[in-house]
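Enquirer: build me a model from this:
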Amino acid sequence: MTSPPDEDTSAGILRALGVLAYDGQDSDARALLAASKVLVPADPRDEAYASTLKLTMTGRSVEVFTSEERMALALPDVQTYHLVPLGLLPAHWPEGGRSLTIDPGSPDSLTLSADGVRLLLGEP
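Expert: Have a look, this model is predicted:
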């Protein structure tokens, strides 16, 4: 496991999303957002967890976290995760119009619709 994102990850994601809300074609904001690394909870009981990224869903949302602390607050029983760039998520996106929630349960929590995920994290 590589080291988790620093505490500025959440703030960087929020800044990039703010820029993209104003100018959806801002290439610097898209690049920053796509490269921002997040924690994707994993189940070590799943034999393929070490080599396969499987997005965890709660209800109709995929949940990712910007720090181990935020993940522990929302999912205290989860000890294992994948550290991946946000830009990698659309390639593994589940069908069925799932939204993306970044840091659920945190004051900085943010939810993107499935269309928002494809638009902001996919190719411009």
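Enquirer: gap between the two ends of stretch 64-84?
Expert: 10 Å (C-alpha to C-alpha, to the nearest Å).
Enquirer: now it: buried residues?
Expert: 64-67, 70-71, 74-75, 78, 81-82, 84 (16 or more other C-beta atoms under 10 Å). To be clear about C-beta, it is placed using only N, CA and C from the backbone, and glycine gets the same treatment.
Enquirer: switch these over to CSV; also include pLDDT and distance to residue 16.
Expert: Output for the buried residues of stretch 64-84, formatted as CSV (pLDDT from 0 to 100; distance: C-beta to C-beta, whole Å):
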residue, pLDDT, distance to residue 16
64, 91, 15
65, 91, 17
66, 88, 12
67, 89, 17
70, 90, 18
71, 91, 21
74, 90, 22
75, 89, 25
78, 87, 26
81, 89, 22
82, 87, 21
84, 90, 16
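Enquirer: now, those residues that are in strands?
Expert: Under the assignment DSSP state E, the buried residues of stretch 64-84 contribute 64, 81-82, 84 to strands.
Enquirer: residue 84 bridge partners, please.
Expert: residue 38 (DSSP bridges).
Enquirer: what sits against it?
Expert: 37-38, 40, 53 (C-beta atoms under 8 Å, 6 or more residues apart in numbering).
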